[in-house]
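Colleague: Fold the stuff below for me.
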Amino acid sequence: MAGDLRFNGTPTNGSTPAQNVARGITFAPQANRVFDDLTVMENLGIRGYPLPRGEAKERIARVLDLFPALKERLRQDAGKLSGGEQQMVALARALVPKPKLLMLDEPSLGLAPNLVASVFERIARISHEAKVAVLIVEQKVRKVLDICCRVYSMKLGKVAFEGRPEELRADKTKIRDLFL
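Modeller: Just a heads-up that it's a prediction; the model follows:
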């Protein structure tokens, strides 16, 4: 397969992570990827390093407003946090550069069921309040349908469904065919 992946009309094929961040694209990988030996603040600061110091501090402060539980843990090593807290650090870190597009890979992976709901509520809040487009790859399809405004399902490299979440939620057979 060949083709171009574009963001705001600009091809991103072959772009470096730094170039993508400069364009407004950030990524939070699956499995609570944090820098274990760094504190929560250092994890957040990594994403703010290319910014002027005052701007980085301001953005970190705004992100901490979305994740107030992290304010109490700023000096703690991120590797010693619970899975849910590490997921919050990963999401918060991805928001520090003030992205236009936040890509999330399995944000619920390894989380207790009660934390999954909390993570999805935060993702919805990020999208609406921070005005960030969110692209989610996730196994918990029904949870995503509750917070998204558009659904694309891929099968074997092709779009198998494109539409509104209500369309898909109403067709249980289609959900089963697409995702099971």
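Colleague: contacts, neighbours, all on C-alpha from now
Modeller: OK.
Colleague: Can you classify residue 102 by secondary structure?
Modeller: strand (DSSP: H, G, I helix; E, B strand; the rest coil).
Colleague: looking at this, residue 162 is in a helix?
Modeller: No: counting by three-state DSSP, residue 162 falls outside a helix, being strand.
Colleague: my guess is it meets residue 155, correct?
Modeller: No: applying CA atoms under 8 Å, one finds residue 162 not in contact with residue 155, separated by 11.8 Å.
Colleague: Mind checking which of these two has more residues around it?
Modeller: residue 162 (13 against 10; other CA atoms under 10 Å).
Colleague: Mind pulling up the pLDDT for the more buried one?
Modeller: pLDDT, residue 162: 93.
Colleague: What residues are recorded as beta-bridge partners of it?
Modeller: Beta-bridge pairing of residue 162 under DSSP bridges involves residue 152.
Colleague: how close does the residue positioned nearest the centre of the chain get to residue 55?
Modeller: Centroid-nearest residue in the chain, with CA atoms, centre = their mean: residue 104, separated by 3.4 Å. Using CA to CA, to the nearest Å, residue 104 is found at 24 Å from residue 55.
Colleague: swap in residue 65?
Modeller: In terms of CA to CA, residue 65 sits 15 Å off from residue 55.
Colleague: pLDDT value on the nearest residue to residue 39 once chain neighbours are set aside, please?
Modeller: Leaving aside its sequence neighbours, residue 39 sits nearest to residue 77 (CA to CA, 6 or more residues apart in numbering; 4.0 Å). On pLDDT, residue 77 comes in at 97.
Colleague: wait, doesn't residue 24 sit right on residue 98?
Modeller: Yes: between residue 24 and residue 98 there is a contact at 7.1 Å, judged by CA under 8 Å.
Colleague: Which of these two has more residues huddled nearby?
Modeller: Neighbours were counted for residue 24 and for residue 98 using other CA under 10 Å; residue 98 has more, 23 against 17.
Colleague: Which SSE is immediately downstream of the longest helix that the chain contains?
Modeller: Across the chain, the longest stretch assigned as helix under DSSP state H is helix 113-129. Remark: after helix 113-129, the chain's next helix or strand is strand 133-137, criterion DSSP states H and E.
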